Structures are given as C-alpha cells and as structure tokens.
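Trainee: Everything below, folded, please.
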Amino acid sequence: MSPLPPSMADRDGKIWMDGQMVDWRDAKIHVLSHTLHYGCGAFEGVRAYNTVNGPAIFRLEEHTDRLFNSAKILRMKIPFTKEQVMQAQCDVIRDNKLESGYIRPLTWIGDKKLGVSPKGNTIHLMVAAWSWGAYLGEEGMRRGIRVKISSYTRHHVNITMTQAKAVSNYTNSILANMEATDDGYDEAMLLDASGFVSEGAGENLFIVKDGVVYTPDLSAGALNGITRNTVLHICKDLGLEVVQKRITRDEVYISDEAFFSGTAAEITPIRELDRIELGKGDYVGSRGPITEKIQSAFFDIVNGRNPKYAHWLTQV
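Mentor: Purely as a prediction, here's the structure:
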C-alpha cells in the first residue's frame with residue numbers, strides 16, 4: 001500500500017496569516033471563532049503555473065478583486081489592501097518553493113464574540129499554497145468524467161448571495177458532491193430552483209451544440225467564474241459563437257459536447273450525465289473536438305505560451 005499523504009495541518013512550509021509568515025503547523029485559530037460556528041467567511045481558489053518564464057499566478061488581480069467583493073457582500077471589511085493580499089499570494093508560492101500550485105486565500109471572523117451578529121468582531125485573513133494536480137483526475141482531463149444531476153437544488157439568488165464565494169455556500173456543494181461520488185460518479189451537476197441547469201458542485205458548465213457554445217446565465221445561481229470568463233475569451237479567439245441562456249438538463253443530454261470549467265477543475269470534459277453518454281459520431285462518450293481546442297488554448301494561456309494574455313500572468 002502506498003503511504004497516505006500528509007494531513008493538511010501536518011506539513012512543512014509557511015502560511016501568510018494576518019500579515020506575517022508563520023510556520024505551517026502554527027497557523028491555527030481558536031475553536032470559538034465565529035466563522036467556524038456560523039459559516040460567514042469568504043475564500044478564493046487561485047492557481048500558479050510553471051510557465052515558460054517561470055512560476056506565475058494566473059489572473060491574480062481578478063481573483064483578489066473577487067475575494068474583496070465576496071467580503072463586501074458579506075459585510076466583512078478585510079483589514080489589508082488589495083496590493084498586500086496580492087503580494088501575500090506571490091510570497092506563499094515563493095517562500096514554499098513551489099513551481100506551480102494552488103493558492104487559498106481565506107478571510108474569516110474571529111473569536112471576540114459568538115452569537116449570530118458578528119458586529120464588533122475581528123476580521124482575519126490567511127493565504128496558503130500547496131501542490132495540487134488535476135482536481136478531477138488526469139484521466140478525466142483526457143477522457144471526460146461521469147456526472148450526475150444532484151437531488152439537491154442550487155441556492156436561489158436571494159437565499160444565499162450566489163456571487164459571493166462564501167464558505168457557507170459550499171455546504172450545498174459538499175452534499176451534492178458526496179451524493180454523486182457515493183453513487184459512483186465523479187461529480188455533481190445542480191439545477192436551480194426553477195429546474196434549469198446552474199453549475200457543477202464547484203465548476204461552471206459549458207455545452208456545445210451544432211458548433212455553438214452555450215453556458216448558463218448567472219441568473220441560474222452560478223458563480224461568475226474567472227475560468228468561465230477565460231473560456232469566453234478563448235471562444236471569441238477561436239471564432240466560436242457563445243450564448244448565455246437558461247439550459248435544461250435534457251439539452252445537456254443531447255449536446256454534442258460538454259465540459260466543466262474552474263480554477264481547480266481547469267477545463268474538464270464531461271462524457272456522461274445520468275448514465276447517458278454525451279456526444280455524437282466518433283466522440284460519443286469522450287472529449288469532443290471543440291472542448292479539446294478550448295482546453296489546449298487554455299493551457300497555452302496559463303503556461304505562458306500565448307503572448308496576447310501575458311498580462312493575466314503575474315510572475316512570482
């Protein structure tokens with residue numbers, strides 16, 4: 001048997017915490033921290049790539065802007081500037097000697113008081129980074145993954161704030177993902193309160209039909225993904241028409257291609273939904289040709305091979 005990987009808490013390295021680099025094992029909070037009890041916090045997922053010019057963070061500014069916007073929606077004032085938070089993300093890649101990796105900024109409410117109201121409490125921020133490969137597996141990146149429509153409904157836009165990357169919102173994602181994986185699937189796809197497709201448990205969705213690329217509009221409760229935005233740029237470069245609209249589950253069943261996008265998932269093809277193989281012709285149940293082109297263009301961008309998007313890469 002191969003040894004188990006180290007726990008997230010028991011590792012060598014450094015974590016940026018409230019303005020200081022601390023030893024990985026010393027990055028701790030109190031058990032009576034408000035966010036731990038009530039779930040009011042915000043986070044980001046950011047990737048650094050070992051580009052042709054060395055380690056660089058992809059769309060650092062956009063991710064940092066979204067972190068601050070999420071905090072604003074949750075009425076949390078981050079006690080650091082945008083520039084400080086951007087620098088912290090560069091520092092954790094450099095200080096942990098990572099050529100590539102996943103970066104996790106998190107802002108949370110501290111332990112001065114409990115009770116539903118967080119008013120008067122302290123706002124904290126940490127940034128960690130570690131090595132992380134293909135979120136849904138290397139094979140999934142090539143062959144595509146198996147997905148199930150979840151029995152759980154995606155948040156209504158006025159129940160939780162869907163444009164905040166909020167800690168509490170991910171309970172919905174966790175339940176959907178566990179249900180799907182317990183049933184033998186790789187990931188879940190969630191519908192909104194009206195029965196239209198929203199997104200994956202942690203990814204945005206795209207489908208292809210007759211050469212046109214479709215993605216759910218944000219009124220379906222999907223997060224405004226930064227990788228989603230990247231795909232929109234790629235489609236324009238490839239001369240592909242993109243339509244943002246409400247999508248039904250049966251439209252996905254009869255699509256020519258489908259894929260998830262996300263910082264963790266990158267561009268992951270979907271080969272099957274609810275045991276129905278997607279695609280047509282030679283591409284039934286496999287990665288489609290347009291998906292492959294988008295995937296290839298994406299990795300050219302993040303690895304620094306497309307000078308048009310060099311401004312999206314922040315060298316560490």
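
Trainee: and the closest residue in space to L175 that isn't next to it in sequence, what helix or strand is that in?
Mentor: Distance criterion Cβ to Cβ, 6 or more residues apart in numbering; nearest residue to L175, sequence neighbours excluded, is Y152 at 5.3 Å. In this view, the C-beta of every residue, glycine as well, is placed from N, C-alpha and C. In this assignment (DSSP states H and E), Y152 forms part of strand 145-153.

Trainee: follow-up on the earlier one: the residue nearest to L175: neighbour count?
Mentor: 20 (other Cβ atoms under 10 Å).

Trainee: And V212, by the same measure?
Mentor: 14.

Trainee: how about it, what does it touch?
Mentor: By Cβ atoms under 8 Å, 6 or more residues apart in numbering, the contact list for V212 reads 240-243.

Trainee: and with 7 Å instead?
Mentor: Neighbour list for V212: 241, 243 [criterion: Cβ atoms under 7 Å, 6 or more residues apart in numbering].

Trainee: now do the one 10 residues further on
Mentor: Contact analysis of A222 by Cβ under 7 Å, 6+ apart lists 198-199, 204, 216.

Trainee: ok, back up a step: so what pLDDT did the residue nearest to L175 get?
Mentor: Among the per-residue scores, Y152 holds a pLDDT of 98.

Trainee: on that earlier part again, closest to M178 out of the contacts of A222?
Mentor: Closest approach to M178 among the contacts of A222 (Cβ to Cβ): E199, at 16.8 Å.

Trainee: So the closest one sits against F206, correct?
Mentor: No: contact criterion Cβ atoms under 7 Å: E199 and F206 do not qualify, at 10.4 Å.

Trainee: the helices in the stretch 1-150 of the chain, which residues?
Mentor: 34-38, 60-73, 82-95, 138-143 (DSSP state H, counting those that start in this stretch).

Trainee: what about the residue nearest to L175, distance to I276?
Mentor: Between Y152 and I276 the computed distance is 20 Å (Cβ to Cβ, to the nearest Å).

Trainee: May I see the contacts of A222 organised as a markdown table, with neighbour count and pLDDT added?
Mentor: Compiled in a markdown table, the contacts of A222 are given as follows (neighbours: other Cβ atoms under 10 Å; pLDDT from 0 to 100):
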| residue | neighbour count | pLDDT |
| --- | --- | --- |
| S198 | 26 | 98 |
| E199 | 28 | 98 |
| N204 | 24 | 98 |
| P216 | 24 | 98 |
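
Trainee: Taking the residues you listed, tell me the two that lie furthest apart.
Mentor: Checking the contacts of A222 with Cβ to Cβ, the most distant pair is S198 and N204, at 9.3 Å.

Trainee: give me every residue that touches the residue nearest to L175.
Mentor: 172, 175-176, 179, 190.

Trainee: So which of these belong to helices?
Mentor: Applying DSSP state H to these, the entries found in helices are 172, 175-176, 179.

Trainee: ok, of those, which one's closest to I290?
Mentor: For the ones in helices among the contacts of Y152, the nearest to I290 is A176 (26.7 Å; Cβ to Cβ).
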